[in-house]
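Q: Need a 3D model of the sequence below.
(2 chains)
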2 protein chains.
Amino acid sequence: MTLVNGCSTATIAVNDRGLLYGDGLFETMAVVGERPRELDRHLRRLLNGCRRLAIVPPDESILRREITRTCAGAERAVLKIIVTRGQDSRGYRPAERGKPTRILMLSPWPVYPVHYRHEGIVATRCQTRLACNPRLAGLKHLNRLEQVLARGEWQDEYQEGLLLDTNDQLVEGTMSNVFLIKGDSLHTPELKHAGVAGIMRERILDCAATAGIAAHIRNLTFQDVEAAQALFFCNSLIGIWPVRRLDDLSFGDHRLTRELMNLLDLP
Amino acid sequence: MTLVNGCSTATIAVNDRGLLYGDGLFETMAVVGERPRELDRHLRRLLNGCRRLAIVPPDESILRREITRTCAGAERAVLKIIVTRGQDSRGYRPAERGKPTRILMLSPWPVYPVHYRHEGIVATRCQTRLACNPRLAGLKHLNRLEQVLARGEWQDEYQEGLLLDTNDQLVEGTMSNVFLIKGDSLHTPELKHAGVAGIMRERILDCAATAGIAAHIRNLTFQDVEAAQALFFCNSLIGIWPVRRLDDLSFGDHRLTRELMNLLDLP
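A: Modelled structure (predicted):
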């Protein structure tokens, strides 16, 4: 099921700014029992993103109706919502009152081996670096060539890649956020210069606060990774993936990771 | 006239990676008398770009036939070619042997006031900075949110905006390259960390070499702009636009700009 501006179609106009410039945002959600998990958080991030990029936000009640329509009958699936600045024929200049395009796409649930979650994954440090741009940092926008290049560095030998920015700061995974565990506390990058502020990251921070687990949002480098007792990647689809090996670094299981996995209602 | 993979249609699939990730490249050409200007240079850059991004390049003879078909009957127009990595449902991971999407779009020639070229334009220095990423520098890829944000800084009061990168290096205009004139020589940024290596920039450098005009490709900062006698923007559609005012800096006419405008066969 795919809806474009409320119509059942799987195509968009070639002069949509989403294609021409990557001028838009997206959200990816786990759908369980016809309902997207953490929908309010995802919609809040999407609408905040529209504000930051000065894209006219889609009407929330229309969007919610379309989400219900798209997810009808889906027991377990992935919902992707894309909002672009819409069609335009004026070059880079964004229209003052544009008509955004909204796209809702339902796709099959990706079945990951359960041992990724239980025993942990094998990851690599990417050669590709993320560029720093405070104007775009945190946003889940459609300019994702860096992630494509990073993910192109390996085939099936790793399950995720760790990304640093051009200033040697730790940022995230290619499709996930990252947390380090040192002692009894969580540490995750700030994302002020690069990276996507993920919904699962936000949930983990909230959950840690509620459970009294110390969590620090701060500048981190690869030295922090080397000094960590454990690390894990997270996103709305994978939940939490502990890392058992990152290139030649080995990490153990950690009770904090297990505690978070139990506290969060993972998809 | 719009062709997508050889078919007369103006839509693409919503799961095209061009839309999902800006995973592709584009070219914009001036069409005069049914023929795109500098077609060989544009195709060379497009195919080089495909190589750098590991996108399967479109067959050049097919592309040339489609270009002829798209430009038929067009006395004066703009041809835009987009090549994306194609459709895919595997996340950021690029397919090893993907099937790229090629899009050819013909649009009306933009009529700019002639005094832009004769008397010069008024420009501004953008607040938006370009992020530095050597992997993407020089490429005319589809990740153009920075240009959209930069162009969103003004309405009609300026004709172009000057962009620096996050390391204070001069890069380009929002839709053009930039040259400074100091004494009897041309100076243009290196584009190793950010920016698009434009076809008109390349032609100007070739033309300067032939005419015995000294031209330097090097690191430049805003101090170089302040110290310049003249500056101009260039691209395949505007040709050369001398700048008469950049915010509170005024620039005079320069014989080198006029010489280049005469030597180049501008659209």
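Q: Could you use CA atoms for every contact and neighbour count after this?
A: Noted.
Q: any idea how far the spatially most central residue of chain A is from chain B?
A: Relative to the mean C-alpha position of chain A, the nearest C-alpha, by Cα atoms, centre = their mean, is the one of A:G198, at 4.6 Å. As defined by Cα to the nearest Cα, to the nearest Å, A:G198 lies at a distance of 16 Å from chain B.
Q: Remind me which helix or strand A:M261 belongs to.
A: For A:M261, the enclosing helix or strand under DSSP states H and E is helix A:255-263.
Q: Using PDB, write out every CA atom in that helix.
A: What follows is helix A:255-263 as a C-alpha-only set of coordinates in PDB (Å, rounded to 0.1, in the frame of the first residue of the first chain):
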ATOM      1  CA  ARG A 255      23.600  -5.900  32.300                       C
ATOM      2  CA  LEU A 256      22.700  -2.300  31.400                       C
ATOM      3  CA  THR A 257      22.000  -3.300  27.800                       C
ATOM      4  CA  ARG A 258      19.800  -6.200  29.000                       C
ATOM      5  CA  GLU A 259      18.000  -3.900  31.400                       C
ATOM      6  CA  LEU A 260      17.200  -1.400  28.700                       C
ATOM      7  CA  MET A 261      16.100  -4.200  26.300                       C
ATOM      8  CA  ASN A 262      13.700  -5.400  29.000                       C
ATOM      9  CA  LEU A 263      12.400  -2.000  29.900                       C
END
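Q: And the residue nearest to the centre of chain A, how close does it get to B:I55?
A: 28 Å (Cα to Cα, to the nearest Å).
Q: likewise A:T2?
A: 27 Å.
Q: now swap in A:E119 and tell me
A: In this structure, A:E119 and B:I55 are 35 Å apart, going by Cα to Cα.
Q: more neighbours, these two?
A: B:I55 (25 against 14; other Cα atoms under 10 Å in any protein chain shown).
Q: Tell me how many other residues crowd the closest residue to that one other than its chain neighbours.
A: Taking Cα to Cα, 6 or more residues apart in numbering or on different chains, and ignoring the residues beside it in sequence, B:I55 has B:R85 as its nearest neighbour in space, at 5.6 Å. By other Cα under 10 Å, 27 other residues sit near B:R85.
Q: How about A:Q87?
A: That count, for A:Q87 with other Cα under 10 Å as the rule, works out to 20.
Q: That one contacts A:Y21, correct?
A: No. Between A:Q87 and A:Y21 there is no contact, the gap being 11.1 Å when judged by Cα atoms under 8 Å.
Q: Give me the distance between the residue in the stretch 151-267 of chain A that chain B sits nearest to and B:C50.
A: The shortest separation between the stretch 151-267 of chain A and chain B is 5.1 Å, found at A:R151 (distances taken as Cα to the nearest Cα). Using Cα to Cα, one obtains 17 Å as the distance from A:R151 to B:C50.
Q: list the helices and strands the lengthiest helix in chain A packs on?
A: Secondary structure of chain A read by DSSP state H shows that its longest helix is helix A:39-53. The helices and strands touching helix A:39-53, judged by 3 or more Cα pairs under 8 Å, 6 or more residues apart in numbering or on different chains; DSSP states H and E, are strand A:24-32.
Q: at 10 Å what do you get?
A: Where contact means 3 or more Cα pairs under 10 Å, 6 or more residues apart in numbering or on different chains; DSSP states H and E, helix A:39-53 is packed against strand A:24-32, helix A:60-71, strand A:76-84, helix A:199-211, helix B:145-151.
Q: Please render the ones you listed as a markdown table that adds distance to B:E259 to the earlier fields.
A: Formatted as a markdown table, the entries for the helices and strands packed on helix A:39-53 read as follows, by distance: least, Cα to Cα, whole Å:
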| stretch | distance to B:E259 |
| --- | --- |
| strand A:24-32 | 42 |
| helix A:60-71 | 57 |
| strand A:76-84 | 43 |
| helix A:199-211 | 57 |
| helix B:145-151 | 30 |
